[in-house]
Structures are given as C-alpha cells and as structure tokens.
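Peer 1: Have a look; sequence and predicted model below, questions after that.
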Amino acid sequence: MRLKTLTRMAGERSEQSIVSEYLGQNPQLAQWVDTFRGYCESNKQWFARREFILRNMEAFPTVEQGVSNSSLDRLLSLSMVWANHVFLGCSYPAAIMDKIKEMGEGIVVQDPPVHKTTKELLGKGKRSATTQGDADSCLKRAKCGPNELDSRPAGRTSARPVSQKSGPTPQAPAEHQPFFNRLYKAVAWKLVSAGGFGPNLDHFEILRSCVESCKQTLTCVFVPLKDITGLPAGRTQKEGHVCEIRCQTVYMGTGYGRDESAAKAMASKEALKVFQGRKVTVKICRRRYKGKDVEDLMLLDEQPRSQGFPPALSYPFQDEQLEDGSL
C-alpha cells in the first residue's frame, strides 16, 4: 500500500508516525530512500523531504526501487525544489511554485523558517490550473534537484523576443564566491575518496553530489551541435550535442558528445578540472551569446587560458528585450 493511501486512512495520527510505521513495514524501501538524503540535511529537513518523495511516488509509476531512471530523477528534483523553498526561501517560476504546492499539500513542517512565500506554499489552497506541459517546461528552466537537469534544447526558441541585459552586477562575484569556496572543499574531499581525478570517474555524479551537499543544484542546457555557430576551430562535425553546466547562474563547463548523456559527462569533466588548482574564483568575463558579446559569471582556476570561452548556451541575466538570434 502506498504512503499517500495510508495517510488518507490515518485520521488524526501524526504524519511522522505514519511515515515511520510505513517505513518500518518496508525496510528495504526505507534503506533505499535514505540514500537520497543530502550530506548537510538536518533530520527535520530530510524527514520533510522524505515524506514529499514517498507521498508522490505513485504519481511517477515508472519509479522502481533500486532503479535509476528519468522519473526518479524528476521526483527527486521536485523534492529538492520544494525543500529549498520551504527551508531556504528559494523562489522559482510561478508554474513550479504551483506544482510543488500541489505535491506538498498535507505535509506538515513543524516551525518552518518564515520566508516571504513559505506560508503560502505550506498552506492549503486550490490546485493549480497550470497545465502539466507548462509546469514541465518551467521546471526544466528552473534550478533543479539532485539529478533532474535542464534538458530543454536551447536552440529551439520561439519567435517571441527573449530577455537579456548587459550582464551580472559588479557585486555578483563576491556574492557567489563563498558558496564556491565550500564547493571547492567538497569536491576536493570527494576526489580524494575516489582516488583522485581521472578519466574513469563518473564526473557528473561526483559534481552533482558535491553541489547537492552544499544545498544547491546544477542546471544543464543541451543544444544540438548543428545549431551552434562560433565553435572552436577544428570542431567541424555537425552530429551530436553540446551541454552547458551552471550552478547559481555561474558557468562551470561545456562538453560535446554524441548524445546528451555523453555531452553532460564531458561538461562535468571540464567543470571538475577547474577544481584541480589551489582555488577557484568567480569572475565576470566577456563571451558570445546568440551572436552578441555579453558579460557572464564564470568559475575559473588560476591557470592562464590560451583560448577564449565557448559560446554560452544560456544567459540567466535577463532584463531588456532583444530579438532572438543565432547561437
């Protein structure tokens, strides 16, 4: 019997007692679900997110215990988005907020931190009228959870204008630097435990788990290689995909591959290379985006660069209206 069914039958019993009893009856499930706990999550945070996961598993029928698939990735992503909002006050597009409000209905968090929109999320309300397609689209553009990443083909844009401004604020590097200092330490320890940086590692999993342990999430954008102009010399093939990875709007790496999975793996490897020096630094640098020069937030090491940066596949600093152009 699913957890959501049990809670409907439980009457006045506390949610945590129901969850504990349910997991006590399903020890293998309990052990599997606990593998999703973030390194820095407190008991209070994890128990709430765990309940979110268990309550909504039946809405993802292809989720199988012990099996990693896209449905599980999506559920975990939504659970992290929900927890980030409830406990950290993070804001997301309206369609995402409506979706996680619906999915989190009935979950009681004792003495949650008070943020501007937390009470609205935890309170009961009407179900969102947003269509599933709209919510899916917005989720892919939001900062996602542990595994679910932005797989929206950025090259497939509509004819409507897209927003863009001159770039991040001058204070942005200093604002982001403390997080990446923490991430640097997390990556260093992770690589030590893995035997050091090398070609045979699961680079994406290492990067994802370290970012998640620091209470943040990765964003990936995929674009077919044939849709990109201004690639480095020698990159003449037109088959395959390009992946760009960001965290907290800061660019971390770009990778090329025969498919999205391979491109993501290569982008993660390139991102991890930055952490091999003595420190990492967030800087504002100029690069190309949609055929124009823009200022972007970049994560850099101390090594001098012999080449320019690859063209940006996304640009999270949006304000003024510009007509869409080529990449």
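Peer 2: Nice, thanks for sending it over.
Peer 1: Can you tell me what sits against the longest helix along the chain?
Peer 2: In the chain, with assignment by DSSP state H, the single longest helix is helix 172-193. With contact meaning C-beta atoms under 8 Å, 6 or more residues apart in numbering, helix 172-193 is reached by 197, 206-207, 209-211, 213-214, 216, 247-250, 272, 275, 279-284, 297, 299. For every residue, glycine as well, the C-beta is placed using N, CA and C.
Peer 1: the inter-axis angle of the next helix or strand after that helix versus helix 172-193?
Peer 2: Where DSSP states H and E defines the elements, the next helix or strand beyond helix 172-193 is helix 203-213. With axes from the mean of the first three to the mean of the last three C-alpha atoms, to 10 degrees defining the directions, helix 203-213 sits at 120 degrees from helix 172-193.
Peer 1: partner residues bridging residue 247?
Peer 2: residue 218, residue 250 (DSSP bridges).
Peer 1: returning to that earlier point: may I have the longest helix of the chain as PDB, with CA atoms only?
Peer 2: C-alpha atoms of helix 172-193 as PDB (Å, rounded to 0.1, in the frame of the first residue of the first chain):
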ATOM      1  CA  ALA A 172      27.800  39.200  -8.100                       C
ATOM      2  CA  PRO A 173      31.300  37.500  -8.000                       C
ATOM      3  CA  ALA A 174      31.700  38.400  -4.300                       C
ATOM      4  CA  GLU A 175      28.200  37.200  -3.500                       C
ATOM      5  CA  HIS A 176      28.800  33.800  -5.200                       C
ATOM      6  CA  GLN A 177      32.400  33.200  -4.000                       C
ATOM      7  CA  PRO A 178      31.600  31.900  -0.500                       C
ATOM      8  CA  PHE A 179      29.400  29.100  -2.000                       C
ATOM      9  CA  PHE A 180      32.100  28.000  -4.500                       C
ATOM     10  CA  ASN A 181      34.700  28.100  -1.700                       C
ATOM     11  CA  ARG A 182      32.600  25.500   0.100                       C
ATOM     12  CA  LEU A 183      32.100  23.500  -3.100                       C
ATOM     13  CA  TYR A 184      35.800  23.500  -3.700                       C
ATOM     14  CA  LYS A 185      36.400  21.800  -0.400                       C
ATOM     15  CA  ALA A 186      33.500  19.300  -1.000                       C
ATOM     16  CA  VAL A 187      35.000  18.400  -4.400                       C
ATOM     17  CA  ALA A 188      38.500  18.000  -3.000                       C
ATOM     18  CA  TRP A 189      37.300  15.500  -0.400                       C
ATOM     19  CA  LYS A 190      35.200  13.600  -2.900                       C
ATOM     20  CA  LEU A 191      38.000  13.200  -5.300                       C
ATOM     21  CA  VAL A 192      40.400  12.100  -2.500                       C
ATOM     22  CA  SER A 193      37.900   9.400  -1.500                       C
END
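Peer 1: I am finished for the moment; much appreciated.
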